[in-house]
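Engineer: 3D model of this:
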Amino acid sequence: MPTRIAPTCIALIVAGGSGQRFGAERPKQYLDLAGKPVLRRTVEAFLRHPQVGGVRVVIDPAWRDAYDAAVAGLGLPDPVAGGPSRQESVRNGLEALAAGAPDLVLIHDAARPLIDEATIGAVIAALDDQPGAIAAVPVADTLKRANDGTIGATVDREGLWRAQTPQGFRFPAILQAHRAAAGLSLTDDAAVAERAGLAVALVPSKEDNFKVTTPDDLTRATRAIMSNLWDVRTGSGFDVHRFTDGDFVTLCGLRVPHSHGLEGHSDADVGLHALTDAILGALAAGDIGSHFPPTDPRWRGADSAKFLRHAADLVAERGGVIAHADVTIICERPKVGPHRAAMAERIAEILGIEVGRVSVKATTTEQLGFTGRREGIAAQAVATVRLPG
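Structural biologist: Numbers count the residues shown, from 1 in each chain. Sure thing, here's the model as predicted:
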């Protein structure tokens, strides 16, 4: 019996909206949600799914810099420029996929970051029997039709569902349906499919798969994520480097002028090295030397931000977040105080977390020991991470 070949499936994430109803300085898909941009959480949900072969995102080109920052390191293809309406944005995305012509496409709102693996899989499975399928939730509340601010009628909720995304389709059919609906104003892709005469299955979804539309929605989504991250861990790290010839030292990602440099295989950034070890310790994932051996010539003179980013990526791969990072620099000179705020901002940037979750401090040993004799610099760090229980 011949082996059945699995259909190719691409997720098309629609992130072209301006988020005017939200009222923030930037579109809601680029806002922070428990340590990651909303868009990144959405994209990662589909990248993790074993039946999804790739992700393409439709954006407003005016926010390209925000998009690049949100999906950095995920290896996505170039985004597609959206149109003035969601319907046009989706059609642009489908046209961009036409060259590769996947068998199936899942169209999903960027502002639904809590989509789960089971729902994605159920929508894909429904496409075995139907040309279209959407995630949806049965209406449970009694519905009222308004009439000038009062109840005009009670609406029978029997058979009513609230449409969500992803909305999945066999690719050639939905592309043709969208082309035929150009210039119309339809509320979702299922409506486009219905107009073309395509049957669309209803797949039971979850209440958590709601769309982030208001600040209260963002708070609700944050609580939902954090409630699942109850495995709280703390790790510590320590590092030291001796002074050598030079005219600057690298501390917490910043180049600080000094009468000496620091000796080390990489850039000898004691602050980032200690913090990297702290995060790895919280994960029980070894130490910095096991991930970046000092005998490996690839890391000679390397920017230690790469090491810290790697540790943060390991947290993300396990579905966790970095809750707090605390670094203490121990030295007589150079003075750290003038640079503390910039150091905290740089660490927050590398980790992809709010600067309010980063602390940088400095102290001396009252001229005792090797740091007191100004022979080198030491650093210790503590990191707290939250992982799924």
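Engineer: shaky segments in the chain?
Structural biologist: In the predicted model, the chain carries pLDDT under 70 at residues 1-5.
Engineer: centroid residue for it?
Structural biologist: Arg40 (2.7 Å; Cα atoms, centre = their mean).
Engineer: Just the CA trace of the helix or strand hosting that one, in CSV.
Structural biologist: For Arg40, the element it lies in under DSSP states H and E is helix 38-47. Listed in CSV are the C-alpha atoms of helix 38-47, where the atom choice follows Å, rounded to 0.1, in the frame of the first residue of the first chain:
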residue,chain,number,x,y,z
VAL,A,38,2.3,39.6,21.0
LEU,A,39,3.2,38.8,17.4
ARG,A,40,6.2,36.7,18.4
ARG,A,41,4.1,34.5,20.7
THR,A,42,1.6,34.0,17.9
VAL,A,43,4.2,33.1,15.3
GLU,A,44,6.0,30.7,17.7
ALA,A,45,2.8,28.8,18.3
PHE,A,46,2.6,27.9,14.7
LEU,A,47,6.3,27.3,14.2
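Engineer: Just give me the longest strand of the chain.
Structural biologist: Looking across the chain with DSSP state E, the single longest strand is strand 231-244.
Engineer: Let me see the contact set for the residue nearest to the residue nearest to the centre of the chain when sequence neighbours are not counted.
Structural biologist: Taking Cβ to Cβ, 6 or more residues apart in numbering as the measure, Arg40 lies nearest to Ala70, with 5.0 Å between them; neighbours along the chain are not counted. Heads up, the C-betas are built off the backbone N, CA and C, glycines and all. Applying Cβ atoms under 8 Å, 6 or more residues apart in numbering, we find Ala70 in contact with 29-30, 37, 39-40.
Engineer: how about a cut-off of 7 Å?
Structural biologist: For Ala70, the set of contacting residues under the criterion of Cβ atoms under 7 Å, 6 or more residues apart in numbering consists of 30, 37, 39-40.
Engineer: follow-up on the earlier one: the residue nearest to the centre of the chain reaches Ala72, doesn't it?
Structural biologist: No: under the criterion of Cβ atoms under 7 Å, Arg40 makes no contact with Ala72, lying 8.6 Å away.
Engineer: which SSE is the residue lying closest to Tyr30 once chain neighbours are set aside in?
Structural biologist: Taking Cβ to Cβ, 6+ apart, and ignoring the residues beside it in sequence, Tyr30 has Ala66 as its nearest neighbour in space, at 4.3 Å. Here Ala66, judged by DSSP H and E, is contained in helix 64-70.
Engineer: buried residues in that helix?
Structural biologist: 66-67, 70 (16 or more other Cβ atoms under 10 Å).
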